[in-house]
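# sequence first, predicted coordinates after that:
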Amino acid sequence: MSAAPRSASRRARIRRLPLHAAALLVFVLSVFPVYWMVLTAFKPTRDIQAETPLFLPVSVTLDHFTTAVGADGFWLFWRNSLVITASSVLLALIVALGAAFAVARLRWKGRRGFILMVFIAQVAPWEALLIPMYVIARDTGMLDRLSMLTLIYFMITLPFTIVTLRGFLTAIPVELEEAAQVDGCTRAAAFRRVTLPLLAPGLLATSLFGFITAWNEFAFANMLIIKNQDDRTLPVWLSSFSNVFGTDWGATMAASTLFALPVLVLFLVLQGRVAAGMTSGAVKG
Amino acid sequence: MSTAGTARTAPGPGRVPGALWPYLLIAPTVLGTAYLLAYPLVRNLVISFQTYGMGELIRGGAPFAGLANYREILADPVFWEVVRRTFWWTAVNVVLIMVLATLVALMLQQLGRRTRLLVMSGLVLAWASPVIATTTVFQWLFSSRLGVVNWLLVRLGFDSYENYSWFADGSATFAVLVLLVVWQSVPFAAITLHAALLTVPAELYESARLDGAGAARIFRSVTLPVLRPLFALVLCLEVIWVFRCFAQIWAISKGGPGDATTTLPVYAYRIAQSLHRYDLGAAASTLTVLLLVGVLVVYFRQMFRQEGEL
C-alpha cells in the first residue's frame, strides 16, 4: 500500500527538479562574485596565477591583506570613510527623529506638504547635482573638506530615514505614551521613556541603510575631494586600485574585502537584532 | 480614536507654545533640504543660463548667456547619441532586472522553507555588498588574463575568448556594465516582489485551482493583479536608479572606450570636469532632471495610490 504514495512523492520530487536547479543557479550566481572576492584575497599569488582557477581554498595566506593594509594611506581612507559615514548617519537620525515624530504624532498645518517634500527628496537626482555642488563647495571654501561630504550624505540619507522612522512610529500605539502621561510623565518624558526604547529596532534598521548608502557613495567623494588626496574616502581610493596595486588582484581583492567587511558585518549583526527587537517587548502585547 | 488622541498637542518642554512645536521639529529637515537640495537644483539651472568656465569659477561674476548653452548642446550630435544610448542603457537594464526579478520572486514562492532561506540569504549578500567593491570584483572576473569568465568561456568551447580584453571594446564593456548593474539590482527587486506575493491569500490560489485554472491562467488572473501596483513602483525606482547610474560606469570605464558607455550623467560630468565647461554640464544636468521628472510623476502617482493617505 505504501508503494503508491512513495512513487508519487518521487514523481513530485522529479517534477520539482528544474525548480531546485533554478534555485541553485540563482544562489550560485548571487554568491559567486562575493565568494570569489574573498577567496582571491586569501589565495597565494601562485594559485591566483594558476592556468586553471582553483575554486576551493587549498592554501590560505594573509599576504594580500598585509599588502592592502600597508598601501599608502589605507587606514587614513578607512578612517575618513568611517567618520563621514557615522557622523552623517547620526545627524540624519537625530534630525529625522524630530521630523518623524511631528509627522506621525502631531497634527499641524502644512503636514501634507512636508510629507510630499520628503517623498520628492527621497528620489532626488543626486547624480545631476554634481556640478552645482562642486561650484557651491568652491564658492564657500568647502572644497576638499570632509564636512561638505558629511552634509551631503546627511541629506542623501535623511528623507529615507524620515519615511522609515515614521513607519515604525506609526506602528507603536500612541496609547502607550498616553498611559505614561496619565501616570504623570510630561509628553517629552513619555516619548523618551516609552516610545524611544520601542523604536530601537527601527533606529537600528534605518541607520543600517543609511550606513550602507553613505559608506558606498562614490560620485560626490570623487568630485569634491581633489587636491587634498589624504581626505579621500575608501570607494574613491578603491576605484583607482590599478594605480595602487597594478595587476596584483590578490591585494585588490583584499582591499575590496576590507571595504565590504563593515557593511556585511553590520548587516549580519543588525539583522538579528532588528528581528529580535520586533518580536519581543511591549509592541506584541 | 487612535489618531484623534494625537490632535491634542500637549505643551512641550520649555516655553515653546504647543502650536509651534511641530515646526521646530521639522525646521532642521526643511533647512537641510533647502540648502543642500533645492539650492543646488536652482544653482544648476542658473549656471546653465550663464557663461561659466574655469575663469568664472575662480573669479566669479559669470555673465548671463541666455539659451546659448542649450542651443550649443542640442545642436551637438554627440549629445543626441548620448541621449539615445542612455535610453537604450535604461531599457536593456530595466527589462532584464524586472524579468529576472519576477522569475526569482515566483521561484521563491514555490520553494520549501529551507531552500528559500538559502536563496534569500544569497540575494541579501549580493544586495548588501558595497557597489564599488563588487564593481572591482567584476573587473577581476572579466580580466583578460586569469579572469574566470574568459577561462569558463574557453572551457565551454568559445576559443576566441582566450585572453579576450572585455574593456578594450565598446559593446563588450557595455555588456559587462549591464551584467554588473543587473546583478546588483535584481536582489532588491526580487525580494520586494516576493514580499508582495506573500500578501496573496492562499485561498485565492486554492479556489482558482478548484475552478480548473492552469498555472498560466492563475498567474494572469490571481498573481498579476496583486503584483501590479508594487511591480509598477519597483519598475519606476529601477528606471530612476539605472538612468542615474554613475559610480559603476565611472569606476569601470569612465564612459569609454571612446564614448561607448557614456550616458547622460557621465556625459555631464565629463564636459564639466575635463573641458571645464560647467555651463554646458549644468545644461546637460538640467535636461537629465527634466527627463527624470517624467518618470517621477508616474512614480508618485503610483505611490500615492499605494499609500492611500499622505
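Perfect, I can see it now.

# contacts for stretch A:72-84, please.
Stretch A:72-84 is contacted by residues A:68-69, A:146, A:149-150, A:153, A:214-215, A:229-237, A:244, A:255, A:258, A:262 when judged by C-beta atoms under 8 Å, 6 or more residues apart in numbering or on different chains. For every residue, glycine as well, the C-beta is placed using N, CA and C.

# and it, which residues are buried?
Buried positions in stretch A:72-84, judged by neighbour count with 16 or more other C-beta atoms under 10 Å in any protein chain shown: A:74, A:77-78, A:80-81, A:84.

# buried ones among the contacts of stretch A:72-84?
By neighbour count, with 16+ other C-beta under 10 Å, those hold A:68, A:146, A:149-150, A:153, A:214-215, A:231-237, A:244, A:255, A:258, A:262 as buried.

# and residue A:53, how far from chain B?
Here residue A:53 is placed at a distance of 5 Å from chain B (C-beta to the nearest C-beta, to the nearest Å).

# restrict the contacts of stretch A:72-84 to contacts with chain B.
With C-beta under 8 Å from any C-beta of the partner chain as the criterion, the contacts of stretch A:72-84 include A:215, A:234-235 near chain B.

# wait, which of the residues you listed is closest to chain B?
residue A:235 (4.1 Å; C-beta to the nearest C-beta).

# show me where pLDDT drops low in the stretch 201-310 of chain B?
Counting by pLDDT under 70, the stretch 201-310 of chain B has low-confidence residues at B:306-310.

# so which bits of it are right by chain A?
Near chain A, when you scan the stretch 201-310 of chain B using C-beta under 8 Å from any C-beta, you find B:237, B:240, B:244-247, B:250-251, B:265, B:268-269, B:272-273, B:278, B:281-282, B:285-286, B:288-289, B:292, B:296, B:299-300, B:303, B:310.

# count the neighbours of residue B:262 for me.
23 (other C-beta atoms under 10 Å in any protein chain shown).

# SS state for the closest residue to it other than its chain neighbours?
Spatial nearest neighbour of residue B:262, excluding adjacent residues (C-beta to C-beta, 6 or more residues apart in numbering or on different chains): residue B:255 at 3.7 Å. For residue B:255, the assignment made with DSSP: H, G, I helix; E, B strand; the rest coil gives coil.

# what about residue B:255, distance to residue B:280?
15 Å (C-beta to C-beta, to the nearest Å).

# so which of the two has more stuff around it?
Neighbours around residue B:255 and residue B:280, counted as other C-beta under 10 Å, are more numerous at residue B:280. The numbers are 26 against 21.

# can you tell me which helix or strand the more buried one belongs to?
helix B:278-307 (DSSP states H and E).

# could you point out which element follows the helix or strand where residue A:9 lies?
Using DSSP H and E, residue A:9 maps to helix A:3-15. Using DSSP H and E, the helix or strand that follows helix A:3-15 in sequence is helix A:17-42.

# show me what counts as buried in that next one.
A:22-23, A:26-27, A:30-34, A:36-42.

# how about residues contacting the strand or helix carrying residue B:234?
For residue B:234, the host element (DSSP H and E) is helix B:224-244. By C-beta under 8 Å, 6+ apart, the surrounding residues in contact with helix B:224-244 are A:123, A:125-128, B:86, B:89-90, B:93-94, B:97-98, B:101-102, B:181, B:185, B:189, B:192-193, B:196-197, B:199-200, B:263-265, B:288, B:291-292, B:295-296, B:298-299, B:302-303, B:305-306.

# picking that back up, and the residues of the stretch 201-310 of chain B next to chain A, which are buried?
Buried among these by 16+ other C-beta under 10 Å: B:237, B:240, B:244-247, B:250-251, B:265, B:268-269, B:272-273, B:278, B:281-282, B:285-286, B:288-289, B:292, B:296, B:299-300, B:303.

# find the nearest non-adjacent residue to the residue nearest to the spatial centre of chain A, please.
For chain A, residue A:212 is the residue whose C-alpha lies nearest the centre (C-alpha atoms, centre = their mean; 1.9 Å). Spatial nearest neighbour of residue A:212, excluding adjacent residues (C-beta to C-beta, 6+ apart): residue A:263 at 5.6 Å.

# just the mean pLDDT for whichever helix or strand that neighbour is part of, thanks.
Residue A:263 is located in helix A:249-279, with elements delineated by DSSP H and E. Averaging pLDDT along helix A:249-279 yields 76.

# looking at it, the residue nearest to residue A:212 is touching residue B:128, isn't it?
Yes - under the criterion of C-beta atoms under 8 Å, residue A:263 makes contact with residue B:128 at 6.0 Å.

# residues in contact with residue A:195?
A:169, A:172, A:176-177.

# please report the distance of it from residue A:188.
Counting by C-beta to C-beta, the gap from residue A:195 to residue A:188 is 11 Å.

# same check on residue B:64?
51 Å.

# give me the more crowded residue out of those two.
Neighbours of residue B:64 and residue A:188, each counted by other C-beta under 10 Å, are more numerous for residue A:188; the result is 14 against 9.

# which helix or strand contains residue A:91?
helix A:74-105.

# that helix versus helix A:249-279: what angle between them?
20 degrees (axes from the mean of the first three to the mean of the last three C-alpha atoms, to 10 degrees).

# and helix A:74-105, how far out from the chain middle?
12 Å (C-alpha atoms, centre = their mean, to the nearest Å).
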